[in-house]
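Asker: here is my input, please return the structure:
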Amino acid sequence: MGFSIYRKLVIWFVFASLLPLGLATAIGIHSVGTVVIAILLSLVIAGVLARSISAPISELAHTARAILDGDLTKRVNMRRDDEIGELAVAFNRMADVLKENTDAVEEKTVELKRVNAELNELDQLKSEFISIASHELRTPLTTLKGYLELALDGTLGEFTELQTSKLKIMDRNTDRLIGLITDLLNLSDIQSGQLHIVKENSSLIYLVDEAVRLIKPLADSRGHEIVVNVPDNIVLSCDWARIAYALRHLLDDAARFTPEPGTIKITAEYQVGDVHIHVSDTGIGIPESELGNIFIPFYELKGSMQHTTGTSGLGLSIVKGIVEAHGGMIRVESEVGAGTVFHIVLPRG
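Answerer: Numbering: from 1, shown residues only. As a prediction, this is how the structure comes out:
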């Protein structure tokens, strides 16, 4: 490689600086005019040197702006045997690598979009299948439930003790299947964004009392105490049937996942125009690593009691969908062995 550009610069600067004095001394002339001519000559030389440096720098800057604007094919067209030439080569190589990486990312993005579209289509087909199958199953199960009720209340005649026992088992399992089908239909509506919400002003204490009434037999059978602290003046504009379902499910989970005897609490208050509802228990708790998964449909906690408690794994995802359909939010706090608290925030209007 030839002279360093910096060494050239120093040499030319010294030369240009000493030229007036050297030229004047050599020819024995010390007039002002001669000195001025020599200075002008040195300035011309310095200008040529400056352009030899600024022009390639300007080209580098122009190319960098073009790449920044999206033209990844732009390159520096420069052949120099100095540091600026090395910089141009390194710059072009960097641009090549940037284009290669960008092309690879674009290819992956196209592939991911294709796969995502296929997954969305499959998910839509799954939702449609669940909806159709659930509707088709609901009618015969509802009919079966009706006949079981007629049999158990004596309308269809007398049955032996053993037959009555079997009929009660059939009735309980029919209720479970109807509940599962209802959950599947609700989940399908939530996932498709078609959950129907009919709002009306409802007293929160009424909704809570109704949920507690339905859960109390289970809680009593396990020796649990249910503590309610909800002011009478809290009124919500909501779909009362769906909010009642959400509260009932949270209380039901609390009763099922709390070792007996335990305590289940439901409290509420106004905060900054919203209604805050808290459902807590002294149950087995949820590992911190699992908290982000509990609202996923069909998700089963590792080592959980879910498979022994008769739950479908859909309830919490439906509760979350109901709360969010009302413009609210739900979050959970839990500690293994110390219990769980669900916090629901709902707008008043």
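Asker: and whichever strand or helix holds Leu137, what other elements does it pack with?
Answerer: Assigned by DSSP states H and E, Leu137 belongs to helix 83-152. Applying 3 or more C-beta pairs under 8 Å, 6 or more residues apart in numbering; DSSP states H and E, one finds that helix 83-152 makes contact with helix 5-27, helix 32-68, helix 161-191. All C-beta atoms are positioned from the backbone trio N, CA, C, and that covers glycine.
Asker: mean pLDDT for these: which is lowest?
Answerer: Mean pLDDT is lowest for helix 5-27 among those, at a mean of 50.
Asker: got the domain boundaries for this structure?
Answerer: Structural domains annotated on the chain: 5-74, 127-191, 200-347, as defined by automatic domain parsing.
Asker: start and end of the longest one, how far apart?
Answerer: So that's domain 200-347. Terminal residues of domain 200-347 are spaced 13 Å apart (C-alpha to C-alpha, to the nearest Å).
Asker: cool, the second one as well?
Answerer: End-to-end distance for domain 127-191: 8 Å, by C-alpha to C-alpha.
Asker: repeat for stretch 331-349
Answerer: Span of stretch 331-349 from end to end, C-alpha to C-alpha: 21 Å.
Asker: who touches it?
Answerer: Residues outside stretch 331-349 that contact it (C-beta atoms under 8 Å, 6 or more residues apart in numbering): 235-238, 243, 246, 250, 254, 257-258, 270-271, 273-288, 291, 294, 323, 326-330.
Asker: before we move on, what about stretch 93-113?
Answerer: With C-beta under 8 Å, 6+ apart as the test, stretch 93-113 has contacts from 63, 67, 72-75.
Asker: what's the spacing between stretch 203-211 and its chain's center?
Answerer: 32 Å (C-alpha atoms, centre = their mean, to the nearest Å).
Asker: for stretch 55-75, same thing?
Answerer: 38 Å.
Asker: when you give positions from now on, start the count at 590
Answerer: Noted, 590 is the first residue going forward, which turns the last one into stretch 644-664.
Asker: can you tell me what sits against that stretch?
Answerer: For stretch 644-664, the external contacting residues (C-beta under 8 Å, 6+ apart) are 665-667, 669, 673, 676-677, 680-681, 684, 687-688, 691.
Asker: contact partners for Ile853?
Answerer: Going by C-beta under 8 Å, 6+ apart, the list of residues near Ile853 reads 808, 813-816, 840, 843-844, 847, 868-871.
Asker: again, but for Leu726
Answerer: Leu726 makes contact with 766, 770 under the criterion C-beta under 8 Å, 6+ apart.
Asker: got the buried residues for stretch 709-721?
Answerer: 716, 719-720 (16 or more other C-beta atoms under 10 Å).
Asker: give me the neighbour count for the closest residue to Leu773 other than its chain neighbours.
Answerer: Nearest residue to Leu773, sequence neighbours excluded (C-beta to C-beta, 6 or more residues apart in numbering): Ser723, at 4.6 Å. Ser723 is flanked by 18 other residues according to other C-beta atoms under 10 Å.
Asker: spit out the contact partners of Ser723.
Answerer: Neighbours of Ser723 in contact, by C-beta under 8 Å, 6+ apart: 770, 773-774, 777.
Asker: which of those sit farthest apart?
Answerer: Taking C-beta to C-beta, the two most distant members of the contacts of Ser723 are Ile770 and Ser777; they sit 10.6 Å apart.
Asker: residue contacts, the residue nearest to Gly812 when sequence neighbours are not counted?
Answerer: Nearest residue to Gly812, sequence neighbours excluded (C-beta to C-beta, 6+ apart): Pro850, at 3.4 Å. By C-beta under 8 Å, 6+ apart, the contact list for Pro850 reads 811-814.
Asker: any idea which residue sits dead centre in this protein?
Answerer: Gly881 (10.4 Å; C-alpha atoms, centre = their mean).
Asker: sorry, back to before: arrange the domains of the chain in CSV, one row each, with distance to Glu695 as further columns.
Answerer: Formatted as CSV, these follow (distance: least, C-beta to C-beta, whole Å):
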stretch, distance to Glu695
domain 594-663, 11
domain 716-780, 31
domain 789-936, 31
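Asker: okay, those domains, which one's buried deepest?
Answerer: Highest mean neighbour count of the domains of the chain: domain 789-936, a mean of 17 (counted as mean count of other C-beta atoms under 10 Å).
Asker: can you map out the helices along the stretch 740-889 of the chain?
Answerer: Along the stretch 740-889 of the chain, counting by DSSP state H, counting those that start in this stretch, helices occupy 750-780, 793-810, 829-845.
Asker: of all these, which lies closest to Pro820?
Answerer: helix 793-810 (7.3 Å).
Asker: confirm Val934 sits in a helix?
Answerer: No. Assignment of Val934 by DSSP: H, G, I helix; E, B strand; the rest coil gives strand, placing it outside any helix.
Asker: list the contacts of the residue nearest to Thr763 when sequence neighbours are not counted.
Answerer: Closest residue to Thr763 apart from its sequence neighbours, by C-beta to C-beta, 6+ apart: Lys734 at 5.0 Å. If you count contacts by C-beta under 8 Å, 6+ apart, Lys734 has them with 760, 763-764, 767.
Asker: in TSV, list those along with distance to Lys697.
Answerer: Output for these, formatted as TSV (distance: C-beta to C-beta, whole Å):
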residue	distance to Lys697
Asp760	55
Thr763	50
Asp764	49
Ile767	46
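Asker: specify which member of these is nearest to Ala740.
Answerer: For Ala740, the nearest member of the contacts of Lys734 is Asp760. The distance, counting by C-beta to C-beta, is 8.6 Å.
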